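Chemist: my questions concern the predicted model and sequence given below.
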Amino acid sequence: MILEMKVPSPGESIKEVEIATWLVKDGDYVEKDQAIAEVDSDKATLELPAEASGIITLKAEEGDAVAVGAVVCLIDTSAAKPSGAAPAAAVEAPKAEVKVEAPKAAPAAAPVATYASGTPSPAARKILDEKNIAPASVTGTGKDGRITKDDAVNAVPSMGTPTGGSRGVERTKLSMLRRKVAERLVAAKNETAMLTTFNEVNMTPINLIRNEYKDAFKAKHGGIGLGYMSFFTKAVTRALKLFPDVNSMMDGDHKIAFDFCDISIAVSGPKGLMVPVVRNAENLTFRGVEADIKRLALKARDGQITVDDMTGGTFTITNGGVFGSMLSTPIINPPQSGILGMHNIIERPIAVNGKVEIHPMMYVALSYDHRIIDGRESVGFLVAVKEALENPLELLLDNNPKKALEL
């Protein structure tokens, strides 16, 4: 029996996917539920499992765009599973013969080159040295391939190094996901009035809380760590309530405002940047935020993130600091109106009550759509985030850290 395998729908709005990688070869025997391909949509990369066991026949090439519901392979379910021992032995014999032939051909090839091949004349060498061109990059037209003065005069320096470094070029097609990300980023720059405002945060208060409670937090909550992201998420949800325009988006001539905070968290996955969503973050505890972020990050790392995980979101947080970024202007994640950029923490001297002290400092950036968010709201929002992070005990933990951290 021949089974036709069709592309399943990754999501309601997705009509087409791309065959990113075939994990099997044409004619292979596959087991039921074995991953046979990775397919890219414009939102996620998904694995395609075999629907039955049998011999597979591929009907699409890597890089092909195929419609949802199209046949991508056939599986002959009546085929017996091969032992696999005999074919392997048959392949070995030709390989051994090829290895024996190579040394025999080598001596015959040796006399081809002459002492003059690629050697510049004295005058040519002087010109090449002045032009900083390696003789190996010039083809000689003289006797036996010797480089003449005219060859040196006509030689043009390449864009490579004069010592003849590698000049390899590789052309690969971007995945559908990467192309969609690029399209959205360009659209965000072209279709929004994007501005960025900056501030800095003294991380000492958060560090003191983490140092005191992180071990107990991890032990109490099954290995979930007390990271910076939960503090930033709680600070952002508080600020969004104070400045609701930042938690809204444009829709033609209308503004859509949300009374909930679905926070998109940018995480790095094997296929590039993913932005899964922490739903109703305003109602989550510190443990709830950290657990949800960990769950989504693991799914992104393992390539198991789904379209539903990344759909929606009313505001985005991105942390370039994990890669060492000191300062950046994050790009809005459309159709959202704001994105907060975190950066690395560096000890710097600052003035505290008239004295110079060393504190761990972080620059933060808010990029926002000026069509819907005015300067007062954007600056006020970022100041509210800064205030909450610099006074977390009162503004985020209700002066009761053990209760807030569920210890």
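Modeler: Ah, there it is. Numbers count the residues shown, from 1 in each chain.
Chemist: for the rest of this, base every contact and every neighbour count on C-alpha atoms.
Modeler: Noted.
Chemist: low-confidence ranges in the chain?
Modeler: Low-confidence segments of the chain (pLDDT under 70): 12-13, 43, 84-117, 158-167, 271.
Chemist: which stretches in it count as helices?
Modeler: For the chain, the helices defined by DSSP state H cover 85-109, 122-130, 149-154, 176-191, 204-220, 228-242, 286-301, 307-310, 375-390, 392-395, 401-404.
Chemist: want to throw the ones you listed into CSV with distance to Tyr29 and mean neighbour count?
Modeler: Compiled in CSV, the helices of the chain are given as follows (distance: least, CA to CA, whole Å; neighbours: other CA atoms under 10 Å):
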stretch, distance to Tyr29, mean neighbour count
helix 85-109, 14, 10
helix 122-130, 60, 16
helix 149-154, 59, 17
helix 176-191, 28, 16
helix 204-220, 46, 15
helix 228-242, 46, 21
helix 286-301, 28, 19
helix 307-310, 30, 18
helix 375-390, 56, 19
helix 392-395, 58, 16
helix 401-404, 55, 13
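Chemist: so which of those helices comes closest to Glu347?
Modeler: The minimum distance between Glu347 and these falls on helix 204-220, with 10.0 Å, by CA to CA.
Chemist: angle of the closest one against helix 375-390?
Modeler: Orientation check (axes from the mean of the first three to the mean of the last three CA atoms, to 10 degrees): helix 204-220 against helix 375-390 gives 60 degrees.
Chemist: contacts for stretch 392-407?
Modeler: By CA atoms under 8 Å, 6 or more residues apart in numbering, the residues outside stretch 392-407 that reach it are Pro205, Ile206, Ala216, Phe217, Lys220, Phe231, Lys234, Ala235, Thr285, Phe286, Arg287, Ala388.
Chemist: no wait, stretch 186-197
Modeler: With CA under 8 Å, 6+ apart, stretch 186-197 has contacts from 329, 331-334, 365-371, 378-379, 382.
Chemist: neighbour-wise, which of those leads?
Modeler: Of all the contacts of stretch 186-197, Tyr368 has the most neighbours under the rule other CA atoms under 10 Å, reaching 28 neighbours.
Chemist: ok, that residue - contacts?
Modeler: By CA under 8 Å, 6+ apart, the neighbours of Tyr368 are Ala193, Met194, Leu195, Thr196, Val246, Ile332, Ser337, Gly338, Ile339, Ser378.
Chemist: any idea how far Arg178 is from Gly140?
Modeler: 45 Å (CA to CA, to the nearest Å).
Chemist: check Val71 too.
Modeler: In terms of CA to CA, Val71 sits 56 Å off from Gly140.
Chemist: of the two, who's got more company?
Modeler: Per other CA under 10 Å, whichever of Val71 and Gly140 has more neighbours is Gly140, with 22 against 17.
Chemist: the more buried one contacts Val153, correct?
Modeler: No - look at Gly140 against Val153 with CA atoms under 8 Å: they stay out of range, at 11.8 Å.
Chemist: could I get the biggest strand by length in the chain in CSV with only the CA atoms?
Modeler: Longest strand of the chain, by residue count under DSSP state E: strand 355-369. Output of strand 355-369 as CSV, limited to C-alpha atoms (Å, rounded to 0.1, in the frame of the first residue of the first chain):
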residue,chain,number,x,y,z
LYS,A,355,29.9,60.5,47.0
VAL,A,356,31.4,58.4,44.3
GLU,A,357,30.5,54.7,44.6
ILE,A,358,31.0,51.6,42.4
HIS,A,359,27.7,49.9,41.4
PRO,A,360,26.6,47.3,38.8
MET,A,361,24.8,49.4,36.2
MET,A,362,22.7,48.5,33.2
TYR,A,363,21.6,50.7,30.3
VAL,A,364,18.0,50.1,29.2
ALA,A,365,16.4,51.3,26.0
LEU,A,366,12.8,51.7,25.0
SER,A,367,12.0,51.8,21.3
TYR,A,368,8.4,53.0,20.7
ASP,A,369,6.0,54.0,17.9
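Chemist: adjacent strands (with direction) for that strand?
Modeler: In the sheet, strand 355-369 lines up against strand 194-202 (antiparallel), strand 338-342 (antiparallel), strand 345-352 (antiparallel) (DSSP bridges).
Chemist: need the winner for burial among those strands.
Modeler: strand 338-342 (a mean of 27; mean count of other CA atoms under 10 Å).
Chemist: so that strand versus helix 228-242, what angle?
Modeler: Using the same axes, to 10 degrees: strand 338-342 against helix 228-242 is 150 degrees.
Chemist: ok, and what's touching strand 338-342?
Modeler: So strand 338-342 is contacted by 246-247, 315-321, 328-333, 362-369 (CA under 8 Å, 6+ apart).
Chemist: look up which residues are beta-bridged to the spatially most central residue of the chain.
Modeler: The residue lying closest to the centre of the chain (CA atoms, centre = their mean) is Gly272, at 2.1 Å. Counting by DSSP bridges, Gly272 is bridged to Gly269.
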